[in-house]
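> What shape does this take:
(one chain, ligands or ions: 2)
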Amino acid sequence: MTDTSAMKLAVVGAGGRMGQTLIRAIQAIDGAVLAGAIERPGSPHIGQDAGEIAGVGHLGIPVTDDALSVFVGVEGVLDFTAPAATVAFAELAAQARIVHVIGTTGCSPEDDAKIRAAARHAAIVKSGNMSLGVNLLGVLVKQAAKALGADDFDIEILEMHHKHKVDAPSGTALLLGEAAVAGRNISLADHSVRVRDGHTGPRENGTIGFASLRGGSVVGDHSVILAGPGERITLSHHAEDRTIFARGAVKAALWGKGRKPGLYSMLDVLGLNT
Ligand SMILES: NC(=O)C1=CN([C@@H]2O[C@H](COP(=O)(O)OP(=O)(O)OC[C@H]3O[C@@H](n4cnc5c(N)ncnc54)[C@H](OP(=O)(O)O)[C@@H]3O)[C@@H](O)[C@H]2O)C=CC1
Ligand SMILES: O=C(O)C1=N[C@H](C(=O)O)C[C@H](O)C1
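Residues are numbered from 1 along each chain as shown. Ligands and ions are numbered 1, 2, ... in the order given. Below you'll find the predicted structure:
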């Protein structure tokens, strides 16, 4: 039977890896229902049924490129697309006053400023990683970075993803870097080392190093290494299935329903924002 109280959600980038996973996740979660699916103009998916694209059978939701006409009829939008698209969707979601859940990574500071502006009109939940495990890992990284001083312990963040990923470092690696600097009361912009090549000289104390690997079908592996004199602590997360991100995104939308405008994170959704 149809649950008439279920939150109506739209998925943008419906044909993508995460778009398809989100459509399947919505089907499996009580309290949410798919009510719209969007792809970019010219996409071969336009006109196809969202359920058929995602492999869950016919849902009667045709994919369209007319985002605003969908947004006015839904309560939330799940967005794992690309930075330029996400900025445009944030403006439309703000006009429609609906919850915007943003998983898109690789946003520039200018993109983030536009997303912050949109959050003055609607609730936005944005995170480089929507999984419970990574957000808990961030809390642990903050504690470890605080407990182990920068003079003794160097922090390096290693990530590996599938060969199709287009941004580096990953959004998760940056999230974990932010957690580490929060533990040390410093800023990431002033302390991150994102590339090493050639004669780099010795490592500067207090910096956070990033390394990115790409290959095959890896869903997402992250390790934060705290390397000290004579010992090394490694805190890791391994994503085995994209469902963990999709479940988190639906949870974020349900949490955001009726919430006042603002820019929120998964730490807020999960009650981990200490
Ligand atoms: N925060 C998190 O937990 C997670 C974040 N991500 C992030 O999500 C994003 C997407 O990842 P993934 O699904 O693997 O990538 P895909 O390339 O598989 O999917 C992106 C989809 O968005 C579509 N798209 C691009 N521009 C537009 C537009 N203007 N309007 C509508 N649709 C558009 C693409 O269409 P087309 O291919 O035709 O261009 C594609 O279908 C990445 O930034 C990734 O890092 C991924 C997993 C978890
Ligand atoms: O592009 C991906 O696939 C992923 N992107 C996110 C990131 O950039 O951290 C989250 C996850 O690791 C998968």
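> Can you show me the strands along the stretch 51-200 of the chain?
63-64, 76-79, 99-102, 123-126, 154-161, 192-193 (DSSP state E, counting those that start in this stretch).
> how about CSV for those, with mean neighbour count added?
Every C-beta, even on glycine, is put in place using the N, C-alpha and C of the backbone. Output for the strands of the stretch 51-200 of the chain, formatted as CSV (neighbours: other C-beta atoms under 10 Å):
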stretch, mean neighbour count
strand 63-64, 22
strand 76-79, 28
strand 99-102, 29
strand 123-126, 26
strand 154-161, 22
strand 192-193, 16
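> Please convert the ones you listed to CSV, extending it with distance to residue 179.
Converted to CSV, those look like this (distance: least, C-beta to C-beta, whole Å):
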stretch, distance to residue 179
strand 63-64, 37
strand 76-79, 23
strand 99-102, 19
strand 123-126, 16
strand 154-161, 10
strand 192-193, 13
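> Determine which of the ones you listed approaches residue 26 most closely.
Evaluated over the strands of the stretch 51-200 of the chain, closeness to residue 26 peaks at strand 76-79, with 8.0 Å, by C-beta to C-beta.
> Tell me which strands the closest one pairs with, and in which orientation.
When pairs are called by DSSP bridges, strand 76-79 turns out to pair with strand 7-12 (parallel), strand 99-102 (parallel).
> chain center to the helix or strand hosting residue 22, what's the gap?
Here residue 22, judged by DSSP states H and E, is contained in helix 17-28. Its chain's C-alpha centre and that of helix 17-28 lie 15 Å apart, by C-alpha atoms, centre = their mean, to the nearest Å.
> Just the mean pLDDT for it, thanks.
The pLDDT scores in helix 17-28 average 98.
> is that helix up against ligand 2 anywhere?
No: shown here: helix 17-28 not in contact with ligand 2 (C-beta under 6 Å from any ligand atom), separated by at least 6.8 Å.
> which residue of this structure sits farthest from its center?
residue 230 (35.3 Å; C-alpha atoms, centre = their mean).
> Just want to check the distance between that residue and ligand 1.
36 Å (C-beta to the nearest ligand atom, to the nearest Å).
> Buried residues, the helix holding residue 22. List them.
18-26 (16 or more other C-beta atoms under 10 Å).
> any idea which of those residues is closest to ligand 1?
residue 18 (3.3 Å; C-beta to the nearest ligand atom).
> Can you name the residues of the stretch 1-150 of the chain that neighbour ligand 1?
Counting by C-beta under 6 Å from any ligand atom, the stretch 1-150 of the chain sits next to ligand 1 at 12-13, 15-19, 38-40, 43, 80-82, 85, 103-106, 127-130.
> out of those, which are buried?
Looks like these have 12-13, 15-16, 18-19, 38-39, 43, 80-82, 85, 103-106, 127-130 buried, using 16+ other C-beta under 10 Å.
> what distance separates stretch 34-47 from the centre of its chain?
Taking C-alpha atoms, centre = their mean, one finds stretch 34-47 lying 21 Å from the centre of the chain it belongs to.
> Show residues contacting it.
8-15, 19, 23, 26-27, 50-51, 53, 59, 61-67, 70-71, 73-74, 77, 85 (C-beta atoms under 8 Å, 6 or more residues apart in numbering).
> Do me a favour and average the pLDDT over it.
pLDDT averaged over stretch 34-47 gives 98.
> Output that stretch as PDB, restricted to C-alpha atoms.
Output in PDB follows, covering the C-alpha atoms of stretch 34-47 (Å, rounded to 0.1, in the frame of the first residue of the first chain):
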ATOM      1  CA  LEU A  34      10.700   8.500  -5.200                       C
ATOM      2  CA  ALA A  35       8.700  11.200  -6.800                       C
ATOM      3  CA  GLY A  36      11.100  12.600  -9.500                       C
ATOM      4  CA  ALA A  37      14.300  11.800 -11.400                       C
ATOM      5  CA  ILE A  38      16.400  14.200 -13.300                       C
ATOM      6  CA  GLU A  39      19.300  14.000 -15.700                       C
ATOM      7  CA  ARG A  40      21.200  16.600 -17.700                       C
ATOM      8  CA  PRO A  41      19.700  17.900 -21.000                       C
ATOM      9  CA  GLY A  42      20.800  15.500 -23.800                       C
ATOM     10  CA  SER A  43      21.200  12.500 -21.500                       C
ATOM     11  CA  PRO A  44      20.200   9.200 -23.200                       C
ATOM     12  CA  HIS A  45      18.200   8.500 -20.000                       C
ATOM     13  CA  ILE A  46      15.700  11.300 -20.600                       C
ATOM     14  CA  GLY A  47      12.200   9.700 -20.900                       C
END
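> Before I go, just wanted to say thanks for your time.
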